[in-house]
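K.L.:
based on what follows, work out the 3D shape:
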Amino acid sequence: MSEPALDVSPQEGEAQRSNDHPWLRSYPKNVDWFADLKGEPLPDVLDRTVREYGNAVCTYFMGAKLRYKDIGALANKAAKGLQEMGVTKGTRVGLLMPNVPYYPIIYYAILKAGGIVVNFNPLYTVEEITHQAKDSGATIMVTLDLTALFPKLEALLAAGTVEKGIVCPFTKVLPRLKSASFKLLKAKHLSRIDASPQRQKIVPYEKLIDNDGNFTPVPIDVDDIAVLQYTGGTTGVPKGAILTHGNLSINLKQADLWEMHVEKGTERIMAILPFFHVFAMTTIMNRGISNAAQLILVPRFDVDITLKLIRETRPTVMPGVPTLFNALRNHPKLKPDDLKSLRSGVSGGAPLPIELKRNFEREVGVILVEGYGLSETSPVATCNPLDGPVKEGSIGLPMPRTVISLRSLEDPTREVPLGEKGEICIAGPQVMKGYWNKPEETKAAFVGEFFRTGDVATMDEDGFTYIVDRIKDLILCSGYNVYPRRIEEAIYQHPAVEEVTVVGIPDTYRGEAPKAFVKLRAGQRATAKDILKFLEPKLSKIEMPSQIELRDELPKTMVGKLSKKELRTATAPGG
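P.N.:
Next up, the predicted model:
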């Protein structure tokens, strides 16, 4: 593999040298594709904002506010606490929590201490978390004292999967009245840490930050690993994308160049997307902090609560997935002025239906543009211009210093002409180093310095890219990757099941949803409801099939493999 340089001058790198890239003909006038982008250690992003905008509000959580100087001081204390727990350069520390003020505090503390952040989806089952923890080598896991999360940490500690846990008290980040009310009326949702059999392996957050904040500075190079962001492919086996400080800090700068109207210290970002997802980690949390924005934290998406919060806080920026924008547009109580504070909406994580874009802009009065990225690209690779022509159905133009090359599906070393279908391959300073501990998968994922996305697209003469198909079988459900093989393996554990295959089907709310086709063993009986009940402890809610169809036979290829092609055709609109 040839690793793309993190700091590339206009004279360096074959992918960066060409002046005849088609997108340059239609590039936004005030955006320099050849911009000189320099990476930096991510802790510098927070420290700079703390110095320059210390009194600005950083987090807004259910009415409670923390200023940047507060977040900075707490991150320093947590960094020293982590070092006292044994965190040194390269130590992997897991984050298992929704969007709460602890997230940016601990995230930056891990990096300041020299560690590597490993993001975990809090909706994952213990089995899924265990696999990722073992693969990453995470030795410490940080979570909340909520009953939805703490038992998962207990299971990891009991099994020896991680060595230590850090538990943050949920009620401590609530406003005083809400905190008292939660303890009184929702006490059943709080775990008793002191009663846990694993309490000797647990460090309370209060103890972690009980110090002067004078942590030992760790030299950080832009090539050092900052985050292991887990993703997957057609096999559904999670892979840790190695994202460096340079990858992530440069992607922030690319986004800043693209969106020129950001005013530091004045923006309010609606943080609905979860920070453990790469889209939100970069475009909301890290970029928001770099611009001294107020992060309006939403721990769980509820359209009623979200609309109420939008009315209260008047956000100026709201990255989201199509499902989010669709839910808001269709809310029966949406008023004409509710979203007027937004300059624009940026949609990613899943394809943006053309009808949704048109209806949202017409009915809500806010421009909605589509972008594209992957965990492996930190994530932003392309976006439609916020100032300039937007082409419906397109994922837009490449970010500054990013090259999109469409390669032959038969020979990825050969570029296809404009207008022809090819695999999207990406080179740029935001492209990952590779997959954690997976050299063969890393080698297969690159052709030269270009990362192979597995997505098939065309490019027009103006350099706009249009995705037309996916090589991978993964299902994009509300912006999340859902892997059919994992669902299939869980269903195969049912004693009545003989064969199963899972495909993505159109879903008006989530974009796509998994549907399982099942053949039962001879003489066995089971209903779709029986199988769904069997799956509840094995799969997360996002992975649960929206439909299970029982069939006498499932289609197979000539060599006897189960075939998804016919099932996709049968479930497609008009199929």
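
K.L.:
could you point out the longest helix of this structure?
P.N.:
Assignment by DSSP state H gives helix 68-84 as the longest helix of the chain.

K.L.:
who's in contact with it?
P.N.:
For helix 68-84, contacts defined as C-beta atoms under 8 Å, 6 or more residues apart in numbering pick out 46-47, 49-50, 53-59, 66, 93, 101, 104-106, 108-110, 112-113, 115, 140, 203, 207-216, 289, 292. Any C-beta I mention is one placed from the backbone N, CA and C, and that applies to glycine too.

K.L.:
these in strands, which ones?
P.N.:
Taking DSSP state E, the ones among these that sit in strands are 57-59, 66, 93, 140, 203.

K.L.:
nearest to residue 374, of the residues you listed?
P.N.:
residue 93 (23.6 Å; C-beta to C-beta).

K.L.:
for the closest one, list each beta-bridge partner.
P.N.:
In this entry, residue 93 is beta-bridged to residue 117, residue 140, by DSSP bridges.

K.L.:
how far away is it from residue 163?
P.N.:
Distance from residue 93 to residue 163, counting by C-beta to C-beta, to the nearest Å: 11 Å.

K.L.:
residue 393 now?
P.N.:
Between residue 393 and residue 163 the computed distance is 49 Å (C-beta to C-beta).

K.L.:
so how many other residues sit close to the closest residue to residue 480 other than its chain neighbours?
P.N.:
Once flanking residues are discounted, residue 480 sits nearest to residue 542: 5.3 Å by C-beta to C-beta, 6 or more residues apart in numbering. For residue 542, the neighbour count with other C-beta atoms under 10 Å is 18.

K.L.:
also residue 310?
P.N.:
21.

K.L.:
what secondary structure does residue 229 sit in?
P.N.:
For residue 229, the secondary-structure state derived from DSSP: H, G, I helix; E, B strand; the rest coil is strand.

K.L.:
how many neighbours does it have?
P.N.:
Using other C-beta under 10 Å, residue 229 is surrounded by 27 other residues.

K.L.:
quick check: bridge partners of it?
P.N.:
Note on residue 229: beta-bridge partners by DSSP bridges are residue 241.

K.L.:
for it, what are its contacts?
P.N.:
For residue 229, the contacting residues are 119, 240-241, 243, 278, 281, 375, by C-beta under 8 Å, 6+ apart.

K.L.:
mind putting those residues into TSV with neighbour count, secondary structure and distance to residue 337?
P.N.:
What follows is those, written out as TSV (neighbours: other C-beta atoms under 10 Å; DSSP: H, G, I helix; E, B strand; the rest coil; distance: C-beta to C-beta, whole Å):
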residue	neighbour count	secondary structure	distance to residue 337
119	24	strand	36
240	26	strand	44
241	26	strand	41
243	28	strand	39
278	28	helix	33
281	27	helix	31
375	23	helix	37
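
K.L.:
go through the longest helix of the chain and flag the buried ones.
P.N.:
68-83 (16 or more other C-beta atoms under 10 Å).

K.L.:
give me the mean pLDDT for that helix.
P.N.:
Average pLDDT, helix 68-84: 98.

K.L.:
just stretch 215-223 next, same as before
P.N.:
In this model, stretch 215-223 has an average pLDDT of 98.

K.L.:
got a list of contacts for that stretch?
P.N.:
Stretch 215-223 has contacts (C-beta under 8 Å, 6+ apart) with 6-7, 39-41, 43, 76, 79-80, 82-83, 88-89, 111-114, 244-246, 249, 433.

K.L.:
just stretch 452-461 next, same as before
P.N.:
By C-beta under 8 Å, 6+ apart, the list of residues contacting stretch 452-461 from outside reads 22, 25, 233-234, 374, 376, 391, 394-395, 404, 406-407, 409, 412, 418-426, 444-446, 465-472.

K.L.:
if you set the cut-off to 7 Å instead, what comes out?
P.N.:
Stretch 452-461 has contacts (C-beta atoms under 7 Å, 6 or more residues apart in numbering) with 22, 233, 374, 404, 406, 409, 412, 418-426, 445-446, 465-472.

K.L.:
distance between that stretch and the chain's centre?
P.N.:
21 Å (C-alpha atoms, centre = their mean, to the nearest Å).

K.L.:
then stretch 59-68?
P.N.:
Computed by C-alpha atoms, centre = their mean, the chain-centroid distance of stretch 59-68 equals 23 Å.

K.L.:
now stretch 312-324
P.N.:
16 Å.

K.L.:
which residues of the stretch 301-450 of the chain fall in strands?
P.N.:
Listed in chain order, the strands of the stretch 301-450 of the chain (DSSP state E, counting those that start in this stretch) span 317-320, 344-347, 368-373, 380-383, 397-398, 403-407, 422-427, 446-447, 450-459.

K.L.:
mean pLDDT lowest where, among the ones you listed?
P.N.:
Ranked on mean pLDDT, the bottom entry among the strands of the stretch 301-450 of the chain is strand 344-347, at a mean of 88.

K.L.:
neighbouring strands - and their directions - for it?
P.N.:
strand 317-320 (parallel), strand 368-373 (parallel).

K.L.:
give me the domain ranges for this protein.
P.N.:
Following automatic domain parsing, the chain resolves into domains at 14-39+228-470, 42-48+65-220, 475-571.

K.L.:
the last one - what's its average pLDDT?
P.N.:
To tie it back to what came earlier, the one meant is domain 475-571. Mean per-residue pLDDT for domain 475-571: 87.

K.L.:
hang on, the earlier thing: between the ones in strands among the contacts of helix 68-84, which is nearest residue 227?
P.N.:
Of all these, residue 93 has the smallest distance to residue 227: 10.7 Å, by C-beta to C-beta.

K.L.:
hmm, back to that, return the most buried member of the strands of the stretch 301-450 of the chain.
P.N.:
Across the strands of the stretch 301-450 of the chain, the average number of neighbours (mean count of other C-beta atoms under 10 Å) peaks for strand 397-398, which reaches a mean of 28.

K.L.:
direction included, what does it pair against?
P.N.:
strand 380-383 (antiparallel).

K.L.:
can you give me the helices in the stretch 101-250 of the chain?
P.N.:
Counting by DSSP state H, counting those that start in this stretch, one finds helices in the stretch 101-250 of the chain at the ranges 102-112, 126-136, 150-159, 176-185, 205-208, 245-258.

K.L.:
what are the buried residues along the last one?
P.N.:
Going back to what we said before, that points to helix 245-258. Across helix 245-258, burial judged by 16+ other C-beta under 10 Å covers 245-255, 257-258.

K.L.:
wait, residue 208 touches residue 166, no?
P.N.:
Yes - contact criterion C-beta atoms under 7 Å: residue 208 and residue 166 qualify, at 5.8 Å.

K.L.:
what is the neighbour count of the closest residue to residue 428 other than its chain neighbours?
P.N.:
For residue 428, ignoring the flanking residues on the chain, the nearest one in space by C-beta to C-beta, 6+ apart is residue 402 at 3.6 Å. As a burial measure, residue 402 scores 26 neighbours (other C-beta under 10 Å).

K.L.:
so who does residue 402 touch?
P.N.:
Neighbour list for residue 402: 381, 426, 428 [criterion: C-beta under 7 Å, 6+ apart].

K.L.:
do residue 131 as well
P.N.:
Residues near residue 131 by C-beta under 7 Å, 6+ apart: residue 238.

K.L.:
one step back: for residue 350, see how far away the residue nearest to residue 428 is.
P.N.:
Plainly put, residue 402 is 21 Å away from residue 350 if you go by C-beta to C-beta.
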